[in-house]
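Novice: From the sequence below, what's the structure:
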Amino acid sequence: MFEGYDPDLVAWVLIPIVIFFSRVADVTIGTLRIVFVSKGWKRIAPVLGFFEVLIWIVAMSQILKYANNWPSYLAWAGGFAVGNYIGLWLEEVLAIGNLVIRIITAKPADLLLQHLRNAGYGVTSVDAQGSQGDVNILFALVQRRDLPEIVQIVKNYNPNAFYTIEDVRFSSEKVFSPRMKVKKNVFGLGGVRVGK
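Specialist: Model prediction:
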């Protein structure tokens, strides 16, 4: 693989660089694969797993013959760490999947509820009893990419509200989202709601 190069350059520079970037690639893919498995995405997870293992077998089997010094070990560990970071960062940027946001407010939630619905979110309201008295609990199933907007609405219209956010693996119905629009049929009449 590195025939014709200065052996010191190979051992102390080239091999650690190749190890680092190979580890970044396969760990990034592996991190995304784990995220997709946790979301129940049965089709994309095996494809990612294929490329993850392919990088491991092809690149690493060649590289490990040379990996016998401390720069290689540091590159291995550093590539693993950076790969995890990049994988999680990509998952955040892609904002894949749906979330349930549960909002608990001690005061009447009418204004907050109205603003969430006006923004295009489907929200369910439940009257409940908390340790300090009557509360309203709002539930909304949202697309993950909509989370910053819905949190901002909560902060604007009820900054003292308590909220929790959970990943959703499956929902029996589509998610209401302001990103959804009504697709018109050929006659110009309203039809099915589809994502942008």
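
Novice: residues contacting T31?
Specialist: Residues in contact with T31, defined by C-beta atoms under 8 Å, 6 or more residues apart in numbering, are 83-84, 86-88, 91. Where C-beta positions appear, they are placed from N, C-alpha and C, glycine not excepted.

Novice: Now do the buried residues in the strand ranked longest in the chain.
Specialist: The strand spanning the most residues in the chain, taking DSSP state E as the definition, is strand 133-143. For strand 133-143, the neighbour count (16 or more other C-beta atoms under 10 Å) marks 135-138, 140-143 as buried.

Novice: could you say what helices and strands it packs with?
Specialist: Strand 133-143 is packed against strand 98-105, helix 110-118, strand 123-130, with contacts defined by 3 or more C-beta pairs under 8 Å, 6 or more residues apart in numbering; DSSP states H and E.

Novice: Name the surrounding residues that touch the last one.
Specialist: Read that as strand 123-130. Against strand 123-130 from outside (C-beta under 8 Å, 6+ apart): 104, 106, 109, 113, 116-117, 134-140.

Novice: closest to V13 among these?
Specialist: Taking C-beta to C-beta as the measure, V13 sits nearest to A140 out of these, at 52.9 Å.

Novice: From I150, how far off is the residue nearest to that closest one when sequence neighbours are not counted?
Specialist: Leaving aside its sequence neighbours, A140 sits nearest to V123 (C-beta to C-beta, 6 or more residues apart in numbering; 4.7 Å). Counting by C-beta to C-beta, to the nearest Å, the separation of V123 from I150 is 9 Å.

Novice: any idea of the pLDDT on V24?
Specialist: Predicted confidence (pLDDT) for V24: 95.

Novice: Tell me if it really is in a helix.
Specialist: Yes - assigned with DSSP: H, G, I helix; E, B strand; the rest coil, V24 falls within a helix.

Novice: what's the burial count for it?
Specialist: 22 (other C-beta atoms under 10 Å).

Novice: wait, it sits on Y85?
Specialist: No - counting by C-beta atoms under 8 Å, V24 does not reach Y85; the two are 9.2 Å apart.

Novice: May I ask you to confirm that A109 is in contact with N160?
Specialist: No - in terms of C-beta under 8 Å, A109 does not count as a neighbour of N160; the distance is 11.4 Å.

Novice: Tell me which of these two has more neighbours.
Specialist: Neighbours per residue (other C-beta under 10 Å) separate A109 from N160, with A109 holding more: 24 against 9.

Novice: Pop out the phi and psi values for the more buried one.
Specialist: phi -100, psi 20 (degrees, to the nearest 10).

Novice: and it, how far is that from A11?
Specialist: Distance from A109 to A11, counting by C-beta to C-beta: 65 Å.
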